[in-house]
Structures are given as structure tokens and as C-alpha cells.
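Engineer: structure for the following, please:
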Amino acid sequence: MPTPDAPDPAPARRRLRLSIGAAIAIGLIVLSAAVGWGILRGQASPADVIPIEEDAQVGAAAGLYVHVLGEVESPGLYLLESDARLVDALAAAGGTTDAADLAAVNLARPLSDGEQVIVPPKGAAAGGDATQQPGDGLIDLNSADQAAREGLPRIGPALAQRIISWRDDNGRFRSVDDLLAVPGIGEKLLAGLRDLVKV
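Structural biologist: Residues are numbered from 1 along each chain as shown. Reported below is the predicted structural model:
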């Protein structure tokens with residue numbers, strides 16, 4: 001039994017518990033603030049926009065990126081206006097070289113964001129389809145001409161032209177399944193073409 005002159009130890013213990021609790025709460029607040037600040041500082045900065053000519057007046061949100069390769073003066077990735085056509089992509093790449101086969105590309109075709117345009121050299125189609133990659137054997141729906149499409153099973157001249165017209169009107173094929181949007185092509189015909197074509 002404590003003597004009347006001895007101090008009561010209970011208030012001291014309460015103060016000690018309150019001090020420890022306050023220190024833990026402050027520590028958690030500081031830690032949360034530090035983690036939040038680190039997350040904000042660690043966010044990736046936006047990707048650099050590919051430089052374009054100053055007079056092009058193209059906004060990144062309204063434009064489309066097109067990768068131009070082959071027989072052009074300056075192959076590369078270009079940001080074009082959203083209603084650009086293939087001729088605009090070639091102009092952005094500095095025009096075509098003397099070796100370019102312009103009969104193999106449709107200069108009036110509308111472009112799509114993320115598209116790759118390849119301008120073949122003259123005579124590339126002499127030994128076969130210029131739109132096929134070496135060793136690939138697949139017909140590219142976005143660049144093959146009518147003759148190449150007519151070589152596919154059950155594709156005659158009329159249906160081959162409809163495929164080209166669909167591409168010209170709607171932009172590039174994004175998947176082989178897009179063929180179902182072409183009048184005259186159903187699931188059964190698509191199944192026979194699926195392993196013979198690519199995009």
C-alpha cells in the first residue's frame with residue numbers, strides 16, 4: 001500500500017502510453033507523406049513527340065503516326081494530319097527515290113494511325129508478289145494488289161476488287177477478321193483464307 005507521500009505511478013504510465021501513441025501516429029503520417037511524394041515524383045514523363053515541320057500545324061491528339069519505309073528519301077516515323085492519305089506520308093518522308101514503283105501503291109488511299117507504309121522498288125513484283133515478305137508466303141491485306149488477292153482460293157476479280165475498295169474506304173485492315181466486313185465474305189470463306197493472309 002503506497003504511503004501518502006509517494007507519487008501515484010498510474011498517471012506517469014498513461015502519459016508514457018500517450019507519448020508513444022502520438023509518436024507512432026506522427027511516424028505513420030510522415031511515412032505516408034513520403035510514400036505519396038515518391039509515387040508522384042516517380043511517375044513517367046510523357047513520351048517525346050516526334051518532331052515535325054513547324055508549318056505542319058498538327059496537334060498530337062488529332063494526328064496519326066505512320067511508319068514510312070522502302071524507296072523514300074527519309075524513311076522514318078511521321079506524325080500526319082488525321083485525314084492524311086498515302087501521298088501525304090510519302091511527302092513527309094521527302095518524296096520517293098528514282099527506284100520507287102509508284103504503280104504498286106495507291107497514293108490516294110486514306111491512312112490509319114499506327115500504319116506502316118512500304119514503297120517497293122521497281123521490278124520487285126517481277127518474280128512474285130512484292131507485298132509478301134521473304135519466306136513468309138502470306139498475302140498482306142493492306143498492300144497486296146488485285147492480282148495477288150485473286151490468287152487466293154475462292155477470290156475472283158469482283159471479290160478482290162471489293163477487298164481493295166473496303167481498304168480504300170475504311171483504311172487499313174487491323175486484323176484478318178476485318179474481312180468479314182467486306183460484302184461477299186462470310187465465316188466459311190474467311191476460315192479458308194485465315195492461314196493465307198496477314199495484316
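Engineer: show me the domain layout of this structure.
Structural biologist: Domain segmentation of the chain under automatic domain parsing yields 49-124, 131-199.
Engineer: how about those domains, which one is nearest Ile29?
Structural biologist: Among those, domain 49-124 comes nearest to Ile29, with 39.6 Å by CB to CB. Glycine gets a C-beta too; all of them are placed from N, C-alpha and C.
Engineer: what's the longest strand along the chain packed up against?
Structural biologist: Using DSSP state E to define each element, the chain has its longest strand at strand 63-70. The contact analysis (3 or more CB pairs under 8 Å, 6 or more residues apart in numbering; DSSP states H and E) places strand 63-70 against strand 76-81, helix 86-92, strand 115-119.
Engineer: kindly recompute the last result at 6 Å.
Structural biologist: Judged by 3 or more CB pairs under 6 Å, 6 or more residues apart in numbering; DSSP states H and E, the packing partners of strand 63-70 are strand 76-81, strand 115-119.
Engineer: so Asn142 versus Leu102, what's the distance?
Structural biologist: 17 Å (CB to CB, to the nearest Å).
Engineer: make that Ala92, sorry
Structural biologist: 16 Å.
Engineer: neighbour count for those two, which is higher?
Structural biologist: Higher neighbour count among Ala92 and Leu102: Ala92, with 21 against 14, using other CB atoms under 10 Å.
Engineer: just checking, that one touches Tyr78?
Structural biologist: Yes - at 4.2 Å, Ala92 counts as touching Tyr78 under the criterion of CB atoms under 6 Å.
Engineer: re earlier: report the buried residues of the longest strand of the chain.
Structural biologist: Neighbour counts using 16 or more other CB atoms under 10 Å place 63-66, 68, 70 of strand 63-70 among the buried residues.
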